[in-house]
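Student: could you look at this predicted model? Sequence included:
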Amino acid sequence: QEHVVESGGGLVQPGGSLRLSCTVSGSTSDYYAIGWFRQAPGKEREGVSCLSTTDTMTYYADSVKGRFTISRDNSKDTVYLEMNNLKPEDTAVYYCATARYNFYATAWHKGHLYDFWGQGTQVTVSS
C-alpha cells in the first residue's frame, strides 16, 4: 500500500507556476505533519515546506518564502504545494512525506522525522 503519492511535476519556464499534489493514505489528520522536500542532482535533500495538521502552522525554507504556499484539502486527503515565480534553482525531484509523531517546530526540515515518503515528482524549470 502506498501511503503517499505525489503528482503535478513537469517542465516550466522561469517565472512560471506549478501545483504539486500529495495524496495520503487515510486522512491528513492521521499525521502530525506533512512536508515537502526536494533533491537536486548532486545535492543533499532539503526541506521545502511543512504543514502541521494539529495547529495548521506552516513552515518554509528561506529560499522559497513568498513564492511557495502549502495547503490542504481535507475532503480529498491531499496536501498541495503551490509554486510561483519558479527559478532554475528550483529544479529537483520533489517528495512528499508524512510524520506520525510530533516534533519541535524548528525541526520540521529534518527528513528523519518523517515516516512515509512518496516516490517523488520531477520539477524542471528551464527556458
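Tutor: On my side now, so go ahead.
Student: contacts and neighbour counts: CA atoms only from here.
Tutor: Noted.
Student: which ones are touching the nearest residue to S17 once chain neighbours are set aside?
Tutor: Excluding the flanking residues, the one nearest S17 by CA to CA, 6 or more residues apart in numbering is N84, at 4.4 Å. If a contact means CA atoms under 8 Å, 6 or more residues apart in numbering, then N84 has 15-18, 67-68 as its contacts.
Student: so the residue sitting nearest the centre point of the chain, which state does it fall into?
Tutor: Closest residue to the average C-alpha location of the chain: W36 at 2.0 Å, with CA atoms, centre = their mean. With DSSP: H, G, I helix; E, B strand; the rest coil as the basis, W36 sits in strand.
Student: same question, E89
Tutor: E89 is classified as helix under three-state DSSP.
Student: now do it against K43, distance only.
Tutor: Between E89 and K43 the computed distance is 11 Å (CA to CA, to the nearest Å).
Student: the more surrounded of the two?
Tutor: Using other CA atoms under 10 Å, the more surrounded residue of E89 and K43 is E89, with 12 against 9.
Student: for the more buried one, which non-adjacent residue is closest in space?
Tutor: With sequence-adjacent residues excluded and distances taken as CA to CA, 6+ apart, E89 is closest to V125, at 7.6 Å.
Student: residues in contact with the one you found?
Tutor: Counted by CA under 8 Å, 6+ apart, V125 has contacts 11-14, 86-91.
Student: from those residues, which two are the most distant?
Tutor: Within the contacts of V125, L11 and E89 form the most distant pair, 13.1 Å apart (CA to CA).
Student: ramachandran angles for the residue nearest to A40 when sequence neighbours are not counted?
Tutor: Ranked by CA to CA, 6+ apart and with sequence neighbours excluded, the top spatial neighbour of A40 is A92, at 4.2 Å. Backbone torsions for A92, taken as degrees, to the nearest 10, come to phi -180, psi 170.
Student: roughly how far apart are A92 and S75?
Tutor: Per CA to CA, A92 is found 29 Å from S75.
Student: for H112, same thing?
Tutor: H112 is 28 Å from S75, by CA to CA.
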